[in-house]
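Engineer: Predicted model follows, preceded by the sequence.
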Amino acid sequence: MRNADPSVLTAKFRPNSTCPIREAPSSLVLSLQKNEWIPNKEGVLCAPDKLSKNLLLNDFVYDDRNGWMSSIQFGTTTQDSASENDQKQQHAQALGIENLESIEIIRAIDKNPALLVKIRSIIESEKNKIIFPIRPSQNPERREEKMAKEIQGVPEKTYQPRERSVRISLPSKQDRETFLRESYTNSDGQMVCQIARMRCLSKTRRSLLFRGG
């Protein structure tokens, strides 16, 4: 086909000698258009419009110098699909969306009001999420590894009555307030409830235990 005369790609006809000559794709071209006969890289036979240069079997060379590849509509569907994706990408970027998969998710949410309510609740929860104050560690990797080992190797609790001395004098009120304010104030200047902080630490320990096991 690469070496065929371009005239075989077109059929010419007219009802009689007084009518102008009309042209249309030849029966050969029509047959090549609708049948699955070109193998892709996996060896699967496909119709010409479902392929592209990159999908052709390595032994097949794209050569359209005589126009036969264009006549059999080679790659038209893949080109249309690529063009459609380009348009989607442009529209998504105009809305501030970089990932095309997000569009499909948005469509699913739009069709499900209950899901929309849940997603909105999650977003609002993340916006109002409090950042708990964490004291920096000089060696966080070592601290995390040590904590995980400690959690795994916690022995069974045993009890024995012992006498002990208890301090009854208290530090000054000013020192106590300063310490507590600094300990429970995060980087945003918010003071965090001690109970909420303990819950956060508990979740962290459970996470380390899971990762260690």
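Structural biologist: Now that the structure is in, tell me what you want to look at. Residues are numbered from 1 along each chain as shown.
Engineer: how about the helices of this protein, start to end?
Structural biologist: Using DSSP state H, the helices of the chain run over residues 27-34, 68-71, 76-94, 101-110, 113-127, 140-152, 173-183, 194-212.
Engineer: contacts for stretch 21-31?
Structural biologist: 8-14, 33, 68, 71-72 (Cβ atoms under 8 Å, 6 or more residues apart in numbering). C-betas here are computed from N, CA, C, even on glycine.
Engineer: Using TSV, lay out those together with pLDDT and neighbour count.
Structural biologist: Formatted as TSV, those follow (pLDDT from 0 to 100; neighbours: other Cβ atoms under 10 Å):
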residue	pLDDT	neighbour count
V8	89	14
L9	92	20
T10	92	13
A11	92	15
K12	90	10
F13	88	9
R14	88	10
Q33	92	16
W68	91	20
S71	91	22
I72	91	26
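Engineer: Which of these fall in strands?
Structural biologist: Secondary structure from DSSP state E places 10-13 of those in strands.
Engineer: Can you add distance to A47 and give the contacts of stretch 21-31 back as a markdown table?
Structural biologist: Formatted as a markdown table, the contacts of stretch 21-31 follow (distance: Cβ to Cβ, whole Å):
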| residue | distance to A47 |
| --- | --- |
| V8 | 20 |
| L9 | 17 |
| T10 | 21 |
| A11 | 21 |
| K12 | 26 |
| F13 | 26 |
| R14 | 31 |
| Q33 | 7 |
| W68 | 15 |
| S71 | 14 |
| I72 | 9 |
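Engineer: quick one: which of the residues you listed is nearest to L56?
Structural biologist: Nearest to L56 among the contacts of stretch 21-31 is I72, at 13.3 Å by Cβ to Cβ.
Engineer: Name the nearest residue to F13, sequence neighbours excluded.
Structural biologist: Excluding its sequence neighbours, the residue lying closest to F13 (Cβ to Cβ, 6 or more residues apart in numbering) is R22, at 5.7 Å.
Engineer: and the one you found, how many neighbours does it have?
Structural biologist: 10 (other Cβ atoms under 10 Å).
Engineer: Output the below-cut-off pLDDT ranges for this structure.
Structural biologist: 79-86, 88, 91-92, 100, 129-138, 140, 149-157, 164-176, 187-189, 192-213 (pLDDT under 70).
Engineer: switch to 50 and redo it
Structural biologist: Applying pLDDT under 50 to the chain picks out residues 208-213.
Engineer: A4 touches D63, doesn't it?
Structural biologist: No - using Cβ atoms under 8 Å, A4 is not in contact with D63; the gap is 11.2 Å.
Engineer: Overlap in contacts, the two.
Structural biologist: Counting by Cβ under 8 Å, 6+ apart, no residue touches both A4 and D63.
Engineer: Put together CSV for the ones in strands among the contacts of stretch 21-31, with distance to P113 on each row.
Structural biologist: Converted to CSV, the ones in strands among the contacts of stretch 21-31 look like this (distance: Cβ to Cβ, whole Å):
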residue, distance to P113
T10, 56
A11, 57
K12, 60
F13, 59
